[in-house]
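Engineer: here is the input, now give the coordinates:
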Amino acid sequence: MTWQVVLTERARRDLASLGPAVSRRLAEALRRFAEQQLGDVKRLRGRGEEWRLRVGDWRVFFTYEFGEGVLRVLRVRHRRDAYRQ
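Structural biologist: As a prediction, this is how the structure comes out:
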């Protein structure tokens, strides 16, 4: 199943603040995961239905919307800041 990737406004701002090389790498990892379900993905404990995709030092936080076939990207954070509340 191929998932449609939808970025929240916050995720768009996160990606825009990164350099072009990092943004391309993250976009490629998201595309690969949406099409082939390949990547280091884990469900996060204590954060509801939230999941994370690990791409090097970066973490992409998302939720699944199974009825619509949508991966909704919530945030893109560096690992040093990713899990701080």
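
Engineer: which residue ranges form the helices in the chain?
Structural biologist: For the chain, the helices defined by DSSP state H occupy 9-16, 20-36, 79-82.

Engineer: I'd like to know which of those is closest to Gly69.
Structural biologist: helix 20-36 (9.7 Å; CB to CB). C-beta coordinates here come from the backbone N, C-alpha and C atoms, glycine included.

Engineer: rewinding a little: can you redo the helices of the chain as JSON lines with mean neighbour count?
Structural biologist: Shown next, in JSON lines, are the helices of the chain (neighbours: other CB atoms under 10 Å):
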{"stretch": "helix 9-16", "mean neighbour count": "14"}
{"stretch": "helix 20-36", "mean neighbour count": "15"}
{"stretch": "helix 79-82", "mean neighbour count": "12"}
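
Engineer: quick check: bridge partners of the most centrally placed residue in the chain?
Structural biologist: Residue closest to the average C-alpha location in the chain (CA atoms, centre = their mean): Val60, at 2.9 Å. On the basis of DSSP bridges, Val60 is bridged to Leu53, Val76.

Engineer: and it, how far is that from Ala11?
Structural biologist: In this view, Val60 and Ala11 are 8 Å apart by CB to CB, to the nearest Å.

Engineer: any residues in contact with both of those two?
Structural biologist: Listed as contacting both Val60 and Ala11 by CB atoms under 8 Å, 6 or more residues apart in numbering are 73, 75-76.

Engineer: now the buried members of the residues you listed.
Structural biologist: Buried residues within those, counting neighbours by 16 or more other CB atoms under 10 Å: 73, 75-76.

Engineer: now flag whichever of those residues is closest to Pro20.
Structural biologist: Closest to Pro20, out of all of these and judged by CB to CB, is Val76, at 14.1 Å.

Engineer: about what we covered before: nearest to Phe66, of the helices of the chain?
Structural biologist: helix 20-36 (13.8 Å).

Engineer: closest one of the shared contacts of Val60 and Ala11 to Gly48?
Structural biologist: Closest to Gly48, out of all of the shared contacts of Val60 and Ala11 and judged by CB to CB, is Arg75, at 13.8 Å.
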